[in-house]
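Quick one, fold the following:
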Amino acid sequence: MAYKAVIDLTRNAQKDNPKENAATPFPAPEPARPEATVASLPSELQEGLKSLGWPGLMPVQATAIPYVLAGNDLVVQSRTGSGKTGAFLLPMLTRLDPAQKAAQALVLCPTRELARQIYDEFARMTADQPIERRLRAVAVYGGTRYGPQLEAFESGAQLVIGTPGRVLDHLERRTLNLDRLKMLVLDEADEMLSMGFYPDMRKLKRYLPAKRQGAMFSATMPHQVQRVGREFLKDQGFLAMSGGTFHVDLMAHRAYAVDPMEKDRVLARLIEMENPSAALVFANRRSEVEYLATYLRNSGYEADGISSDLTQKAREEVMGKLRKGRLRLLVATDVAARGIDIADLSHVFQYDIPQDREYYIHRAGRTARAGKAGVSIALVTPAEKPAILGIAQRYELPLEWRDVPTDESVAARIGERLTVLLEDQLRERTSLQRERLARFVPVIKSLVDEGEPELLAMLLDDVYHRMLRSLPPLPAADPNDPVAGNDDAEGGIAYTEDFAGESFSSGDDTAEGEAPEGGDGAPPKKKRRKKRRKTGEGGAEGSEGAEPREAQEAPEAGDEG
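This is a model prediction of the structure:
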């Protein structure tokens, strides 16, 4: 079965409803334009390529550059390292006016390292330009002095590259003006949301001129990223890149080779790196569900689990927390998760590889609702590797193997995210509040100098987890948006639950008396339907698509039943 067909199956879309049957998050750009070649590029771009020493154009550049040169707003899904930086920097060589000493292009990115990398590439690209028509850029990010950035603004840098927080600082201080902005680029939009930059991006939007060209690049295209595209761009076209061709590859499938004894710790690291807005964690056995839910809670995450061991009352309590937005991670077995449709689900973590290959597709399809997309992450032990390779081959999945993040990389990510959150709060403080803060600067220096940084780390850990829980929601759902989710009225995650007053057997994870679900996703006739406020489109049950006919959760040694 082909990959696209499988994803279409799991979306359970109505064939006669284009809103539910969207294959891509945005329409393709119109009119269609042929791919660029070096010979077809304007002379300025050819000179830029020569300065960089590139022999030719990479696929994403050849495909995207004609649309950017034509002034189209564009959303491009392209993996890191595919050459997307050149896809938006090269056209600037003709789109920007060197005679105009003002910010004409703004590139927003998630980290200072990426900002510096883009700046260095642009500097190389323009190094051979004559002085009188050389374009200038400035990198703008936190942790550095304001002086050089102010000097670059005053001297008329045409390109500003930076993180949303520091760019917003300059806009609010009126040291940066964007009235003459021609181009806005959001680079690695999914990472910017993961880092917690969305509130800053919303505030920054007030300073953008209404008439501008926009482009957004992202390695993944979950629904939050799609909404950002609709919020910052106009009449945007969508390009999904893979090996130089267009294709629908909205789902990201990642695999990590893990030591069985380190599986729980690796899961926690991945959750920290991804920072999902809402996620399902799938395990094959009930005992693992209980263990993982406890482990994640003890690690500071808002997590809970459901399995057939739970009474209906306990299950309702878990679902209540989910509905009210007090739960970000739900750990479940395949059968216990039936009937629970979480809107705006960004990630699925496959803690265990299912023995039935089709279960992998149904799990991953939880994030592929009605044209949305997300990320499926599999933790693969050596014993499970043949199974995941077989699944990828059978369903033609674009499986990407990644290295497990180190403790150091996780700590760096947490530090960056915490800095973003704290800087955002600092901007809201009054002058009097800032004076009060000054009293504690000597205390902090003393704690560090006297070898007691653990006291400060303890406070930061508490602050970090509190701030994550109180973050404002990601892009709000638009009921007229074909990819919009169903945000609960109380600010939590909307969901539907098919189980209403049914009891569970202690022997396995099927509901007592429940007939196997059919291939069309219809619920058994005897089930009563229980609707929560604002369920999915039309409030229909069975939105998971076809479920396998047999439960795959054989009890392990030590499990009852």
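
what sits against the residue nearest to residue 189 when sequence neighbours are not counted?
The spatially closest residue to residue 189, leaving aside those adjacent along the chain, is residue 218, at 4.3 Å (C-beta to C-beta, 6 or more residues apart in numbering). In short, each C-beta sits where N, CA and C put it, glycine included. Residues near residue 218 by C-beta atoms under 8 Å, 6 or more residues apart in numbering: 75-77, 186, 188-190, 225.

and of the residues you listed, the nearest to residue 108?
If you rank the contacts of residue 218 by distance to residue 108 using C-beta to C-beta, residue 186 comes first, at 5.4 Å.

partner residues bridging the closest one?
Here residue 186 shows beta-bridge partners residue 108, residue 216, assigned using DSSP bridges.

Who are the contact partners of it?
Neighbours of residue 186 in contact, by C-beta under 8 Å, 6+ apart: 108, 192, 214-218, 228, 232.

And residue 256, its phi and psi?
The phi and psi torsions at residue 256 (degrees, to the nearest 10) take the values phi -130, psi 130.

I'd like to know how many residues surround it.
18 (other C-beta atoms under 10 Å).

give the contact list for it.
Taking C-beta under 8 Å, 6+ apart, we find residue 256 in contact with 266, 270, 377-380, 401-404.

Show me the strands in the stretch 151-300 of the chain, by range?
Per DSSP state E, counting those that start in this stretch, the stretch 151-300 of the chain has strands spanning 159-162, 183-187, 213-218, 237-242, 245-246, 252-257, 279-282. These are given in chain order.

now those strands as CSV including distance to residue 338?
Conversion of those to CSV gives the following (distance: least, C-beta to C-beta, whole Å):
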stretch, distance to residue 338
strand 159-162, 46
strand 183-187, 37
strand 213-218, 31
strand 237-242, 31
strand 245-246, 35
strand 252-257, 22
strand 279-282, 12
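
By mean pLDDT, show me the worst of those.
Comparing mean pLDDT across the strands of the stretch 151-300 of the chain, the weakest is strand 245-246, with a mean of 32.

biggest helix in the chain by residues?
Longest helix in the chain by number of residues, with DSSP state H as the criterion: helix 407-427.

The helix or strand hosting residue 113 packs against which elements?
Taking DSSP states H and E as the criterion, residue 113 maps to helix 112-125. For helix 112-125, the elements it packs on are helix 43-52, helix 84-95, strand 137-140, strand 159-162, judged by 3 or more C-beta pairs under 8 Å, 6 or more residues apart in numbering; DSSP states H and E.

swap the cut-off to 10 Å and go again
On a contact count with 3 or more C-beta pairs under 10 Å, 6 or more residues apart in numbering; DSSP states H and E, helix 112-125 meets helix 43-52, helix 84-95, strand 105-108, strand 137-140, strand 159-162, helix 164-173, strand 183-187, helix 407-427.

most neighbours, which of the contacts of residue 256?
Scoring the contacts of residue 256 on neighbours with other C-beta under 10 Å, the highest-scoring entry is residue 378 at 28 neighbours.

Tell me what that residue is bridged to.
Residue 378 has the following beta-bridge partners by DSSP bridges: residue 255, residue 350.

buried sites along stretch 347-355?
Buried residues in stretch 347-355, counted by 16 or more other C-beta atoms under 10 Å: 347-354.

between those residues, which is closest to residue 295?
Distance from residue 295 was checked for each of the buried residues of stretch 347-355 by C-beta to C-beta. The minimum falls on residue 351, at 10.7 Å.

Next one: the closest one from residue 379, what distance?
Distance of residue 351 to residue 379, computed by C-beta to C-beta, to the nearest Å: 6 Å.

where do the contact lists of the two overlap?
258, 263-264, 266-267, 281 (C-beta atoms under 10 Å, 6 or more residues apart in numbering).

Put together a markdown table for the helices and strands packed on helix 112-125, with distance to residue 293 on each row.
What follows is the helices and strands packed on helix 112-125, written out as a markdown table (distance: least, C-beta to C-beta, whole Å):
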| stretch | distance to residue 293 |
| --- | --- |
| helix 43-52 | 50 |
| helix 84-95 | 38 |
| strand 105-108 | 37 |
| strand 137-140 | 42 |
| strand 159-162 | 40 |
| helix 164-173 | 34 |
| strand 183-187 | 35 |
| helix 407-427 | 21 |
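
so which of these gets nearest residue 61?
helix 84-95 (4.6 Å).

Report pLDDT for the nearest residue to residue 45 once chain neighbours are set aside.
The shortest distance from residue 45 to any non-neighbouring residue, by C-beta to C-beta, 6+ apart, is to residue 90 (5.0 Å). Per-residue confidence (pLDDT) for residue 90: 95.

residues in contact with residue 90?
If you count contacts by C-beta under 10 Å, 6+ apart, residue 90 has them with 36, 41-42, 44-46, 48-49, 52, 54, 57, 61, 64-65, 68-69, 121-122, 125.

same question, residue 330
With contact set as C-beta under 10 Å, 6+ apart, residue 330 has these partners: 278-282, 289, 293, 302-306, 318-319, 321-322, 336-337, 340, 342, 345, 493, 495.

Sort out for me which of those residues are in helices.
289, 293, 318-319, 321-322.

What is the nearest of those residues to residue 463?
Nearest to residue 463, judged by C-beta to C-beta, of the ones in helices among the contacts of residue 330 is residue 321 at 22.8 Å.

where in the stretch 401-550 of the chain is pLDDT low?
With pLDDT under 70 as the threshold, the stretch 401-550 of the chain has low-confidence stretches at 469-550.

just the stretch 201-350 of the chain next, same as before
Scanning the stretch 201-350 of the chain residue by residue, the ranges that satisfy pLDDT under 70 are 242-250, 339-344.

Repeat that for the stretch 51-200 of the chain.
Applying pLDDT under 70 to the stretch 51-200 of the chain picks out no residues at all.

most centrally placed residue in the chain?
Closest residue to the average C-alpha location of the chain: residue 190 at 3.9 Å, with C-alpha atoms, centre = their mean.

That residue reaches residue 221, doesn't it?
Yes - A contact is recorded between residue 190 and residue 221 when judged using C-beta atoms under 10 Å, the distance being 7.7 Å.

residues shared between the contacts of these two?
77, 252, 375.

Which one (most neighbours) among those?
Taking other C-beta under 10 Å to define a neighbour, the member of the shared contacts of residue 190 and residue 221 with the most is residue 77, carrying 28 neighbours.

In the sheet, which residues pair with that residue? Tell me.
Bridge pairing for residue 77 (DSSP bridges) gives the partners residue 218, residue 240.

Quickly list the domain ranges of this protein.
Under the assignment named as automatic domain parsing, the residue ranges that make up the domains of the chain are 1-20+251-561, 24-246.

Deepest in the core, which of those domains is it.
With neighbours defined as mean count of other C-beta atoms under 10 Å, the domains of the chain peak in mean count at domain 24-246, which reaches a mean of 19.
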